[in-house]
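*Asks:* Predicted structure and sequence below. I'll ask about it afterward.
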Amino acid sequence: MPKKSPKDLERERARKIEEARMAARGRARQSLSKLQFLAGIFLILSAAFGIYLLATDNSLWILAVSHAYGLVAIAGIDLVFGILCLLMVRQVFLWSIAGALLGVLLQIGDIVTAPQYGMTIQYFAAYLFGLWAFDALLVAQVLVVFLGLFSRVHIRTLTGVGRYRTEFSASRRDFLKSMIAFAGVIAITAAFSYIGQIKQTLPTTTTSGLPAGAVANTSQVQPGSPAYFDYPTGYPNILMQKNDGSLIALSMLCTHVCCQLTYNPSGNQLYCQCHGSIFDENGNVVRGPAVISLPSVQFTVDANKNVFPQSVNGSSPCSQG
């Protein structure tokens with residue numbers, strides 16, 4: 001057997017190296033396909049959990065319409081990219097990861113908006129993480145982000161260290177562009193929801209002719225016809241006549257998720273449209289999910305029957321409690 005020349009040995013060595021690289025690239029491509037398929041499943045699950053929240057949690061549509069429309073956008077993006085990932089459209093893989101990352105940031109970011117809806121951040125966080133669909137949606141999106149992190153090593157194998165452009169991916173600049181584009185979609189959706197939202201307001205009780213600090217006159221309060229006032233400023237309350245003829249002032253913020261209550265004159269009760277809680281004329285819970293009674297407002301009445309609020313009595317997850 002003739003001895004191979006150094007040049008032949010070098011060629012053979014180069015051929016084996018190239019074969020090894022091709023084999024590694026084949027395995028990497030196969031692994032990336034599996035990761036994209038899993039990402040598609042998790043994205044569709046995320047969309048399903050988002051749709052479930054939109055269909056079952058009335059507080060989204062009553063208390064935070066902008067968040068509801070934002071969740072509509074997130075669920076729509078997840079559903080579209082989930083389907084494209086399952087169809088193995090390679091170019092959307094990184095875009096899907098960007099969308100999931102933005103979804104995680106937005107969902108977590110919702111927690112810090114609690115004061116906007118009259119809740120403490122701690123209580124709102126406990127409420128959100130107590131919703132199994134919210135937790136499942138968040139987990140699904142986090143898993144997609146982790147799949148994206150795992151894909152980096154396979155992309156390096158396909159393209160060489162430091163280069164990330166493949167049929168599965170895009171450049172870092174494209175990644176940033178995708179994040180900006182998704183943020184724009186969410187921002188535009190939220191803007192339209194604010195514009196189109198009809199803000200829920202209580203009937204107003206006139207305070208003209210009343211002395212400074214007075215919120216109503218007892219002559220304005222009749223059976224089935226209460227008076228409404230803010231105390232402290234920005235916190236709605238109701239002054240109503242009980243069945244025994246006495247007056248009571250109660251907070252109009254449900255102690256479950258601080259949705260604004262509606263007065264029902266037929267039963268002299270307060271009803272929450274978000275989750276169905278009912279409170280009696282004393283502020284006690286008649287039906288949950290609320291478990292805490294409504295805070296009451298202590299007041300004094302002067303000789304002219306003007307009502308002056310003095311303090312809030314009772315605890316509540318709402319900021320005034």
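*Replies:* Sure, I can see it.
*Asks:* What are the structural domain limits within this protein?
*Replies:* 6-196, 216-313 (automatic domain parsing).
*Asks:* which residues of the stretch 151-300 of the chain fall in helices?
*Replies:* Taking DSSP state H, counting those that start in this stretch as the test, the helices found in the stretch 151-300 of the chain are 172-196.
*Asks:* What ranges in it fall below the confidence cut-off?
*Replies:* Across the stretch 151-300 of the chain, the ranges flagged by pLDDT under 70 are 153-208.
*Asks:* try it again with 80
*Replies:* In the predicted model of the stretch 151-300 of the chain, residues 151-210 satisfy pLDDT under 80.
*Asks:* rewinding a little: adding mean neighbour count and distance to residue 210 as columns, could you present the domains of the chain in a markdown table?
*Replies:* Placement of C-beta: from N, CA and C, glycine included. A markdown table is the format used below for the domains of the chain (neighbours: other CB atoms under 10 Å; distance: least, CB to CB, whole Å):
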| stretch | mean neighbour count | distance to residue 210 |
| --- | --- | --- |
| domain 6-196 | 17 | 26 |
| domain 216-313 | 18 | 6 |
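*Asks:* Export the ones you listed as CSV, with columns for distance to residue 209.
*Replies:* Formatted as CSV, these follow (distance: least, CB to CB, whole Å):
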stretch, distance to residue 209
domain 6-196, 30
domain 216-313, 8
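*Asks:* Stretch 259-276: end-to-end distance?
*Replies:* Using CA to CA, to the nearest Å, one end of stretch 259-276 lies 10 Å from the other.
*Asks:* same check, this time on stretch 105-114
*Replies:* 16 Å.
*Asks:* Longest strand in the chain, by number of residues?
*Replies:* If you go by DSSP state E, the chain has its longest strand at strand 306-313.
*Asks:* Give me the sheet partners of it and which way each runs.
*Replies:* strand 216-217 (antiparallel), strand 296-301 (antiparallel) (DSSP bridges).
*Asks:* Tell me the helix or strand right after the strand or helix carrying residue 44.
*Replies:* Secondary structure from DSSP states H and E places residue 44 in helix 6-56. Once the chain leaves helix 6-56, the next helix or strand it forms, by DSSP H and E, is helix 58-62.
*Asks:* so what secondary structure elements neighbour that next one?
*Replies:* helix 65-86 (3 or more CB pairs under 8 Å, 6 or more residues apart in numbering; DSSP states H and E).
*Asks:* The helix it packs on: how far from the chain's middle?
*Replies:* 13 Å (CA atoms, centre = their mean, to the nearest Å).
*Asks:* orientation of the helix or strand following it relative to helix 65-86 in degrees?
*Replies:* Using DSSP H and E, the helix or strand that follows helix 65-86 in sequence is helix 93-109. Calculated by axes from the mean of the first three to the mean of the last three CA atoms, to 10 degrees, helix 93-109 forms an angle of 150 degrees with helix 65-86.
*Asks:* For the helix or strand that helix 93-109 is followed by, the averaged confidence score.
*Replies:* Scanning forward in sequence from helix 93-109 by DSSP H and E, the next helix or strand is helix 121-129. Across helix 121-129, pLDDT averages out at 87.
*Asks:* Could you list the residues in contact with helix 121-129?
*Replies:* 110-112, 114-115, 117, 119, 134-135, 257, 317 (CB atoms under 8 Å, 6 or more residues apart in numbering).
*Asks:* Could you do stretch 266-276 as well?
*Replies:* 57-59, 62-63, 224, 238, 240, 242-243, 250, 252, 254, 256-257, 259, 261-264, 277-281, 283, 286-287, 289-290, 294.
*Asks:* Over to stretch 311-321?
*Replies:* The contact list for stretch 311-321, computed with CB under 8 Å, 6+ apart, reads 115, 118-120, 123, 231-232, 235, 251, 253, 255-258, 283, 292-298.
*Asks:* ditto for stretch 35-50
*Replies:* Defining contact as CB under 8 Å, 6+ apart, one finds that stretch 35-50 is touched by 71-72, 74-76, 78-79, 81-88, 90, 93, 96-97, 99-100, 103, 133-134, 136-137, 140-141, 143-144, 147-148, 150-151, 154, 168.
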